[in-house]
Every structure is written in structure tokens, then in C-alpha cells.
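**Q** pasting the sequence and the predicted coordinates here, then a few questions.
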Amino acid sequence: MAEKRDYYEVLGVSKGASEEEIKKAYKKKAKKYHPDLNPDDPTSADKFKEINEAAEVLTDADKRGRYDQFGHAGVDNNGMGGGGYGGGGFSDFGGFGDIFENIFGGFGGGGGSQKNRPRRGSDIETTLNVTFEEAAFGVEKEIKITRLEDCTTCSGTGAAAGTSPKTCPQCNGSGQVRMVQNTPFGQVQNVRPCPQCNGEGTIIEQPCSGCGGTGKSRKNRSINVAVPKGMENGASLRITGEGEDGYKNGGRGDLYVHINVKPHPDFIRVGNDTHSQCDITFAQAALGATIEVPTLDGRVAFHIPEGTQNNATFRLKEKGIPHMRGKGRGDHKIKVRILVPVHLTEAQQKELAKFEAGLDNDNYKEVGNRTESSTKDKGFFDKMKDAFKID
């Protein structure tokens with residue numbers, strides 16, 4: 001068995017070629033070596049099979065990656081050796097029928113018109129605004145959408161009452177016509193959508209007055225949407241079968257609901273945790289105090305321990321966002337900001353100066369990473385600036 005050539009060499013492209021460059025090279029090679037265009041060249045079928053195999057690997061990101069790393073051994077078991085390259089219709093050539101269609105307009109036959117087949121309806125999108133709490137705990141909302149549905153007057157046929165679509169006489173309902181085209185390579189038979197029925201396979205002689213013959217009309221609908229707990233801003237919900245009606249019983253599309261969570265005035269979300277900032281006075285920080293803090297469950301009492309430093313963070317377990325899957329919740333984290341008093345009266349200043357004079361280094365040993373020598377030597381307000389990182 002002959003050794004396989006390098007796929008990049010087969011198509012005449014560099015290893016760093018883009019997908020567009022590979023497809024362009026493939027089209028050029030396919031046109032040159034297609035067996036139908038080279039009936040007198042017995043080698044054209046093998047060459048065409050080789051370039052088709054190369055293109056199938058190099059236009060697939062996963063296969064190309066394995067080929068670049070392991071060579072032919074990385075892709076030999078991907079089903080490229082058996083019935084994929086016979087010599088029958090173009091459906092045999094690894095799914096490249098769309099490329100052949102672009103190059104030659106289709107050869108000799110194949111399936112019916114796409115318009116004449118059942119087609120799934122289009123998907124539709126909408127945005128749903130929810131509050132922070134609704135996203136956290138889940139909520140059911142009614143939304144309004146507009147979508148294309150089968151016309152109720154004609155049941156989607158497009159024909160007036162008492163009539164029905166007729167089989168197209170030119171294509172006999174196939175939606176396609178065969179044409180012979182003269183090319184520099186000889187005569188080529190190709191398939192085109194039927195011009196009389198526009199590829200539908202049927203002709204509507206008397207259009208429905210309700211939809212003008214399209215078989216579809218635009219309707220306003222109300223849909224109930226269940227937003228699950230723990231939903232994040234920007235996430236989407238897919239509601240199967242609530243999109244637009246399909247064609248020829250092709251089924252409905254889907255509805256995609258994009259969730260927009262309104263900001264909360266008191267806290268933000270990080271993962272499944274909620275975060276808030278709490279302001280306390282210098283006396284509360286030094287002496288300790290019980291304060292009220294906002295959480296998803298309302299305001300709760302929380303004790304600030306004595307000696308609390310600026311920017312200290314405390315955790316309230318299981319007070320955050322419920323997990324979307326499974327049980328449990330995130331935590332609520334409180335960051336403390338200590339307010340330094342301003343506009344002191346002369347009497348207050350004297351009291352603070354007296355308070356400072358009564359402090360020694362032991363009172364600041366646990367404040368950050370400061371040493372005894374770097375603390376007491378400074379004045380009270382300088383020490384406050386250092387301790388609370390105030391500029």
C-alpha cells in the first residue's frame with residue numbers, strides 16, 4: 001500500500017494556512033481533478049479522493065489538531081477509509097456537497113429541494129429584567145413575545161379557504177429542475193431550484209387572505225418563564241418549542257430568554273457570595289458594638305469585636321446566593337470602614353490628646369505589621385492615618 005502524502009502538500013497550502021485558504025485550494029483542486037470532468041484520465045478518481053480526504057481533515061479543527069501532532073496516525077481511525085470516498089453521488093464525499101454546489105451548481109441528482117422539505121422554525125430571543133432577590137431565590141414571570149405562527153385561516157397552507165396548493169407542473173413537486181450547462185470541461189448536468197414554484201414544489205393559485213399566501217402570521221403571546229434560584233446576570237434560559245412555527249410540519253424553534261439582573265443598592269455578588277460595606281465609628285471599632293447589616297434575608301444583627309481595624313472583613317455563613325444546583329448557599333461578607341471624626345471642638349481635641357497620652361505601644365502591637373518603635377513615636381492622628389491607611 002502506497003504511503004499517504006502530506007495533506008498540506010496534497011492541497012498545495014502551507015501548514016499555517018487558514019480555513020478559508022484551505023477551502024479555496026480544495027475548490028481549485030476539486031474542479032481540476034473531478035472524475036466527471038476528466039473521463040479520459042484514469043488517475044483523476046484517485047487524485048480526487050486524495051484531495052477530498054485532505055480537505056475533510058484540514059477543515060475540521062479537531063482532526064487538524066490531531067493530524068498536526070500525530071500525522072496520519074492521529075486521524076486514520078476517523079472513518080475516512082471506508083465508504084466515504086467511493087465513486088457514487090456527491091453525498092459520498094465526506095459532507096462537501098455544499099462546496100460542490102458552489103463550484104459546479106450540483107451534479108446529476110441528489111435529494112429534493114431544501115424548501116420542499118420540513119424545516120424547523122426559527123429561534124427567537126428576548127430579555128427579562130429581574131431584581132437581585134428574584135435572581136437569587138428564583139421567580140416565575142410572565143413575558144410577552146411576538147412570533148410567526150401558522151396562519152389560523154388556512155392552517156399554514158397559504159391557500160384560500162376551499163382550495164389547496166397544487167403540485168408544480170414544471171418540477172412535478174420536487175422543487176428542482178435539471179439543466180445541462182456547457183462548460184470549458186464539456187457538458188455538465190446540474191440541479192437548480194424550480195423557477196416556477198421557487199423551490200417549494202407547490203403553487204398557490206388563490207392565496208389566503210389572512211396571510212397573503214405565506215402560511216404564517218405574526219402573533220403576540222404571553223409565556224410563563226420560571227427563573228431558577230441562583231441565576232446570574234447575563235445567563236440565558238432555553239425554552240424548547242416556544243419559538244416560531246416551522247414549515248411543512250418541521251416543528252417549532254426555541255425561545256431564548258436572556259436574564260438581566262438589576263443592581264442591588266446595598267451589596268454586590270461575587271460567585272455565590274454577597275458583599276457589602278458597613279461604616280462604623282472609631283469608638284465602635286475600638287470598643288466593639290452590635291450593628292445591623294443588610295443581607296438577602298433582611299437586616300440582621302452582627303457583633304463587631306473590639307479592636308476591629310479598617311477594611312476588616314467578616315463572614316456570615318449561608319447568607320449569600322442559593323446554589324443553582326443542589327442545596328446550600330454562599331456566604332455574606334461584610335467589609336468594615338471606620339469613620340474618623342472631623343470638625344472636633346477644642347474640648348474634644350483636648351480629650352483625644354489626653355486619650356493619646358494614656359496609650360502605649362502595647363495598644364498597637366497587633367495593628368498590621370508595625371513594631372513598637374514605629375508606633376508610639378508618632379502622634380495620635382498620624383497613627384490613625386497609618387492604622388487605617390488614610391491619606
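**A** Here it is on my side, so go on. Just so you know, these numbers come straight off a predicted model, no measurement behind them.
**Q** surely I143 is within a helix?
**A** No. Assessed by DSSP: H, G, I helix; E, B strand; the rest coil, I143 does not belong to a helix; its assignment is strand.
**Q** which residues does it contact?
**A** I143 is in contact with 126, 128, 222-223, 225, 257, counting by CB atoms under 8 Å, 6 or more residues apart in numbering. From N, CA and C alone the C-beta is placed, and that goes for glycine too.
**Q** at which residues are the helices of the stretch 151-300 of the chain located?
**A** 282-287 (DSSP state H, counting those that start in this stretch).
**Q** can you select the buried ones among the contacts of I143 for me in ChimeraX?
**A** To isolate the buried members of the contacts of I143 in ChimeraX, using 16 or more other CB atoms under 10 Å:
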select :128,225,257
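**Q** ok, so of the contacts of I143, who is nearest P294?
**A** L128 (25.0 Å; CB to CB).
**Q** what are the bridge partners for that closest one, then?
**A** Here L128 sits in beta bridges with I259, as judged by DSSP bridges.
**Q** ok, now which ones touch it?
**A** 141, 143, 225, 227, 257-260.
**Q** and the pLDDT at it?
**A** We have a pLDDT of 97 for L128.
**Q** endpoints of stretch 40-49, how far apart?
**A** 17 Å (CA to CA, to the nearest Å).
**Q** check which residues of that stretch are buried.
**A** For stretch 40-49, by 16+ other CB under 10 Å, it's 44-45, 47-49.
**Q** which pair of the residues you listed spans the longest distance?
**A** Spatial extent of the buried residues of stretch 40-49 (CB to CB) is set by the pair S44 and K49 at 9.6 Å.
**Q** looking at the buried residues of stretch 40-49, which is nearest C197?
**A** Nearest member of these to C197, counting by CB to CB, is F48, at 34.1 Å.
**Q** A helix includes the closest one, no?
**A** Yes. According to three-state DSSP, F48 belongs to a helix.
**Q** residues contacting it?
**A** 30, 33-35.
**Q** what pLDDT does F388 get?
**A** Taking F388 on its own, its pLDDT is 41.
**Q** next one: G358
**A** 89.
**Q** how far away is it from A347?
**A** 17 Å (CB to CB, to the nearest Å).
**Q** contacting residues for R218?
**A** 146-149.
**Q** now, of these, which are buried?
**A** 147-149.
**Q** export those residues to a markdown table and append columns for distance to E242, pLDDT and secondary structure.
**A** Putting these into a markdown table (distance: CB to CB, whole Å; pLDDT from 0 to 100; DSSP: H, G, I helix; E, B strand; the rest coil) gives the following:
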| residue | distance to E242 | pLDDT | secondary structure |
| --- | --- | --- | --- |
| R147 | 8 | 95 | strand |
| L148 | 12 | 93 | strand |
| E149 | 11 | 94 | strand |
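**Q** quick check, nearest of the residues you listed to P39?
**A** For the buried ones among the contacts of R218, the nearest to P39 is L148 (48.3 Å; CB to CB).
**Q** residues contacting the closest one?
**A** Contacts of L148 by CB under 8 Å, 6+ apart are 121-122, 216-219, 244-245.
**Q** and P305, by the same measure?
**A** Counting by CB under 8 Å, 6+ apart, P305 has contacts G288.
**Q** can you give me the pLDDT of it?
**A** At P305, pLDDT is 95.
**Q** try the one 4 residues further on
**A** In this model, Q309 is scored at 93, pLDDT.
**Q** what about T153, how many residues nearby?
**A** The burial count assigned to T153 is 17, neighbours taken as other CB atoms under 10 Å.
**Q** distance of the nearest residue to it once chain neighbours are set aside from A161?
**A** With CB to CB, 6 or more residues apart in numbering as the criterion, T153 has its nearest non-adjacent residue at 3.2 Å, and that residue is G210. Going from G210 to A161 by CB to CB gives 9 Å.
**Q** shared neighbours, those two?
**A** Joint contacts of G210 and A161 (CB under 8 Å, 6+ apart) are 153-154.
**Q** okay, these two: which has more neighbours?
**A** G210 (16 against 12).
**Q** quick check: that one touching S155?
**A** No. G210 is not in contact with S155 according to CB atoms under 8 Å; the separation is 10.3 Å.
**Q** quick one, what contacts G320?
**A** 272-274, 296, 329-332.
**Q** can you do 7 Å?
**A** For G320, the contact set (CB atoms under 7 Å, 6 or more residues apart in numbering) comprises 272-274, 329-332.
**Q** ramachandran angles for it?
**A** phi -100, psi -150 (degrees, to the nearest 10).
**Q** okay if I get the contacts of G320 as JSON lines plus distance to T167, pLDDT and neighbour count?
**A** Formatted as JSON lines, the contacts of G320 follow (distance: CB to CB, whole Å; pLDDT from 0 to 100; neighbours: other CB atoms under 10 Å):
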{"residue": "N272", "distance to T167": "60", "pLDDT": "95", "neighbour count": "17"}
{"residue": "D273", "distance to T167": "65", "pLDDT": "96", "neighbour count": "18"}
{"residue": "T274", "distance to T167": "65", "pLDDT": "97", "neighbour count": "26"}
{"residue": "R329", "distance to T167": "63", "pLDDT": "96", "neighbour count": "20"}
{"residue": "G330", "distance to T167": "63", "pLDDT": "96", "neighbour count": "21"}
{"residue": "D331", "distance to T167": "68", "pLDDT": "97", "neighbour count": "17"}
{"residue": "H332", "distance to T167": "69", "pLDDT": "96", "neighbour count": "25"}
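**Q** L316: which of the residues you listed is nearest?
**A** For these, the nearest to L316 is H332 (4.2 Å; CB to CB).
**Q** what about the closest residue to I51 other than its chain neighbours, which SS state?
**A** Once flanking residues are discounted, I51 sits nearest to K29: 4.4 Å by CB to CB, 6+ apart. Look at K29: counting by three-state DSSP, its state is helix.
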